[in-house]
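Asker: give me a 3D structure for the following:
(one chain, ligands or ions: 2)
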Amino acid sequence: MTEEVDVVVIGLGPGGEDAAGRLAEAGLAVAAVESRLVGGECPYYACVPTKMMVRAAGLLADGERIPGMAGDSAVRPDWTPVAARIRDEATDSWDDTVAADRLTGKGVELVRGRGRITAPREVTVDGRTFRARRGILLNTGTSPASPPIEGLDGTPYWTNREAVQATEAPASMIVLGGGVVGVEMAQAFSRFGTRVTVVQADDRLLPREEPESSELVRTVFEREGIGVRTDLRSDRVAYDGHEFTVHADGEAIAADRLLVATGRRPNLRGLGLEHVGLDEDARAVPVDGNMRAADGVWAIGDITGKGQFTHVSMYQAAIAVRDILGEEGSPASYRAVPRVTFTDPEIGAVGLTEAQARDQNLPVRTGTVELSNSSRGFIHKSGNDGFIKLVESTEWGVLVGATAAGPSGGEILGALAVAVHTEAKVTALREMIYAYPTFHRAIESAVADLGEG
Ligand SMILES: Cc1cc2nc3c(=O)[nH]c(=O)nc-3n(C[C@H](O)[C@H](O)[C@H](O)COP(=O)(O)OP(=O)(O)OC[C@H]3O[C@@H](n4cnc5c(N)ncnc54)[C@H](O)[C@@H]3O)c2cc1C
Ligand SMILES: NC(=O)c1ccc[n+]([C@@H]2O[C@H](COP(=O)([O-])OP(=O)(O)OC[C@H]3O[C@@H](n4cnc5c(N)ncnc54)[C@H](O)[C@@H]3O)[C@@H](O)[C@H]2O)c1
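Answerer: Residues are numbered from 1 along each chain as shown. Ligands and ions are numbered 1, 2, ... in the order given. You can find the predicted model right below:
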């Protein structure tokens, strides 16, 4: 028997969960299909538990900064409270009952299992078939990608999913991949006493960010004793039952644990996309400004390739909901997508990097200021590494991109994200008043560094 609903949501990442609830609250009949945990990667394996790790690691680092500034300190790292907090406060031992009840409380029918499109506007889950009168919303997210390295398969390597379930900090760890996941985890574990080596295939850490950001993170990591190997591509991995050995360019690096953080693959295989004219082998599901992917199909989140961030998933969810409900609104714009890498210093960025702007043939100039040269940086002293870099379109006189790296870099970014999003004139940024002595006041110096006229 086919069950009739208005919308079937397949995959309940942050955006799918939010959209299902909103559609149900708007009076639609919604079936929401989830094969793992309601809420997806972010609350259980990604944003929330990793930021708890980062917060704890930051406390340790601040403890180390006391000598010379506020007395003496003896810091003894202990992973136990971190693991307990992740287990008890963040994930309820990886149990989504609270989220599931919240969703069904909004009137959503939660269907546990793997959803598959079996015809236009039709989804099958373990033998149950749903007909979606208005359509299907896809939010199936990504899974850790496993690089094709000889010997890797079958070894007990970690991805983010195992790392957040760690009950102790390992003695040593190789982090394969120097992207966002890799650098956040590398520093957090290192501060808990793990001897960490990052092996990055690219010629720099965080290759999607400004080169100055990559350099800053590398400098801080090396100062903290984290090994950073760039331009190094592993060709073989061995595991002897106790230890991993990563072989690369004739070199062998050994450690107790191996964390693979080499990117993500979209969960599109087996989704039945061929029934709606989409390609399950694509790197992303193409969407228009209203998140429509095909007739009767909307897609949101990581699978759309517009930035793998919870805030993008939620932003797109709101647009898809509006469109499904037939309401008018602005189409999606990705001009001012903010992103924060939660290392210490934090790397906050919005819009285009200088290189991306130049690749688009935009005439740009840049302004940069070191935070240590600002009043607040001077006061802050220990741990004041960072900078602000602005990328201005000289044609339009507005910022098209900005980076705020440093203590609270992600918070300083707020002001810059507003400037990029609203296309505030640089002349206006020159004339406004910045509170003294804040870190964000360094924006004024960076604006001055852009030059006049
Ligand atoms: C370690 C780590 C840290 C991160 N930290 C941050 C951060 O600090 N800030 C930030 O903004 N972003 C962060 N991210 C990214 C963030 O986790 C994702 O962008 C976010 O989860 C949004 O993903 P999504 O909405 O596409 O869906 P996901 O969260 O990936 O969820 C998709 C859901 O769909 C389900 N599913 C898949 N296929 C099916 C199917 N056929 N049937 C039923 N269900 C299915 C899955 O089980 C899953 O629950 C981090 C990522 C990682 C890996
Ligand atoms: N703070 C945040 O918002 C946050 C935190 C973590 C993740 N995320 C999101 O999740 C996404 C995925 O993160 P990620 O770090 O897994 O992927 P990524 O694509 O950001 O980085 C993967 C890195 O691995 C390297 N790499 C690829 N193959 C390799 C190999 N064989 N050996 C060594 N290095 C290799 C690449 O050069 C790349 O820099 C991010 O792009 C981001 O959008 C966000």
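Asker: point to the residue nearest the middle of this structure.
Answerer: Centroid-nearest residue in the chain: F309, 4.5 Å away (criterion: CA atoms, centre = their mean).
Asker: from ligand 1, how far out is that residue?
Answerer: Distance, F309 to ligand 1, by CB to the nearest ligand atom, to the nearest Å: 3 Å. Heads up, the C-betas are built off the backbone N, CA and C, glycines and all.
Asker: local confidence estimate at that residue?
Answerer: F309 is assigned a predicted lDDT (pLDDT) of 98.
Asker: didn't it look like it was pressed against V340?
Answerer: No: using CB atoms under 8 Å, F309 is not in contact with V340, being 9.0 Å away.
Asker: hang on, S234 packs against F244?
Answerer: No: assessed by CB under 8 Å, S234 is found out of contact with F244, at 10.5 Å.
Asker: need the next SSE after the helix or strand harbouring E411, C-terminal direction.
Answerer: Using DSSP states H and E, E411 maps to helix 409-422. Later in the chain than helix 409-422, the nearest helix or strand by DSSP H and E is helix 426-431.
Asker: quick one: contacts for the residue nearest to the centre of the chain?
Answerer: The contact partners of F309, taken as CB atoms under 8 Å, 6 or more residues apart in numbering, are V337, R339.
Asker: ok, back up a step: packing partners for the helix holding E411?
Answerer: strand 338-341, strand 346-351, strand 387-393, strand 398-406, helix 442-449 (3 or more CB pairs under 8 Å, 6 or more residues apart in numbering; DSSP states H and E).
Asker: now mean pLDDT, distance to D78 and mean neighbour count too, for the ones you listed, in TSV please.
Answerer: Formatted as TSV, the helices and strands packed on helix 409-422 follow (pLDDT from 0 to 100; distance: least, CB to CB, whole Å; neighbours: other CB atoms under 10 Å):
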stretch	mean pLDDT	distance to D78	mean neighbour count
strand 338-341	98	26	21
strand 346-351	98	24	26
strand 387-393	98	34	24
strand 398-406	98	28	28
helix 442-449	98	36	20
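Asker: want to throw these into CSV with distance to L271?
Answerer: Below are the helices and strands packed on helix 409-422 laid out as CSV (distance: least, CB to CB, whole Å):
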stretch, distance to L271
strand 338-341, 27
strand 346-351, 32
strand 387-393, 38
strand 398-406, 34
helix 442-449, 44
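Asker: between these, which one is nearest to Y45?
Answerer: Of all the helices and strands packed on helix 409-422, strand 338-341 sits nearest to Y45, with 17.5 Å by CB to CB.
Asker: strand partners of that closest one, parallel vs antiparallel please.
Answerer: When pairs are called by DSSP bridges, strand 338-341 turns out to pair with strand 346-351 (antiparallel).
Asker: tell me the angle the partner strand makes with strand 398-406.
Answerer: 170 degrees (axes from the mean of the first three to the mean of the last three CA atoms, to 10 degrees).
Asker: next, the angle from strand 346-351 to helix 409-422.
Answerer: On the basis of the same axes, to 10 degrees, strand 346-351 is oriented at 10 degrees to helix 409-422.
Asker: let's have the chain start at 58 instead
Answerer: Understood, numbering begins at 58; the last thing we discussed is strand 403-408.
Asker: in the helix or strand following strand 403-408, what counts as buried?
Answerer: As assigned by DSSP H and E, the chain's next helix or strand after strand 403-408 is helix 411-416. For helix 411-416, the buried set under the neighbour-count rule, 16 or more other CB atoms under 10 Å, comprises E411, Q413, A414.
Asker: dump helix 411-416 to CSV, restricted to CA.
Answerer: Coordinates of each C-alpha in helix 411-416 appear next as CSV, following Å, rounded to 0.1, in the frame of the first residue of the first chain:
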residue,chain,number,x,y,z
GLU,A,411,42.5,37.3,-2.9
ALA,A,412,43.5,34.4,-5.3
GLN,A,413,39.8,33.5,-5.9
ALA,A,414,39.0,37.2,-6.7
ARG,A,415,41.9,37.4,-9.1
ASP,A,416,40.9,34.2,-10.7
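Asker: quick check: neighbours of the next helix or strand after it in the sheet, parallel or antiparallel?
Answerer: Next helix or strand after helix 411-416 toward the C-terminus (DSSP H and E): strand 421-427. Strand 421-427 pairs in its sheet with strand 444-450 (antiparallel), by DSSP bridges.
Asker: residue numbers of the chain in contact with ligand 1?
Answerer: Neighbours of ligand 1 within the chain, by CB under 6 Å from any ligand atom: 67-72, 90-94, 97-99, 103-104, 107-108, 171-172, 196-199, 217, 238, 324, 328, 358-360, 365-368, 370.
Asker: how about a cut-off of 5 Å?
Answerer: With CB under 5 Å from any ligand atom as the criterion, the chain meets ligand 1 at residues 67-68, 70, 72, 90-93, 97-99, 103-104, 107, 171-172, 197-198, 217, 238, 324, 358-359, 365-367, 370.
Asker: of those, which belong to strands?
Answerer: Under the assignment DSSP state E, the residues of the chain next to ligand 1 contribute I67, V90, E91, G172 to strands.
Asker: may I have the predicted confidence score for the first one?
Answerer: So the one you mean is I67. Predicted confidence (pLDDT) for I67: 99.
Asker: OK, contacts around it?
Answerer: Counted by CB under 8 Å, 6+ apart, I67 has contacts G73, V90, G172, I174, V180, I193, L194, L195, N196, T197, L328.
Asker: for A356, see how far away the residue lying closest to the fourth one once chain neighbours are set aside is.
Answerer: Leaving aside its sequence neighbours, I174 sits nearest to G329 (CB to CB, 6 or more residues apart in numbering; 3.5 Å). Using CB to CB, to the nearest Å, one gets 14 Å for the distance from G329 to A356.
Asker: ranges for the strands of the stretch 58-207 of the chain?
Answerer: Assigned by DSSP state E, counting those that start in this stretch, the strands in the stretch 58-207 of the chain fall at 59-67, 87-91, 166-169, 172-176, 179-182, 185-195, 199-201.
Asker: in the shortest one, what's buried?
Answerer: Right, strand 199-201. Those would be T199, P201, for strand 199-201 by 16+ other CB under 10 Å.
Asker: same thing with the fourth one?
Answerer: Of the residues in strand 172-176, those with enough neighbours to count as buried (16+ other CB under 10 Å) are G172, R173, I174.
Asker: now the first one
Answerer: By neighbour count with 16+ other CB under 10 Å, strand 59-67 contains the buried residues V62, D63, V64, V65, V66, I67.
Asker: what's the farthest-apart pair in the residues you listed?
Answerer: Using CB to CB, the pair of the buried residues of strand 59-67 lying farthest apart is D63 and I67, separated by 14.5 Å.
Asker: quick check: longest helix in the chain by residues?
Answerer: For the chain, the helix with the greatest residue count under DSSP state H is helix 104-121.
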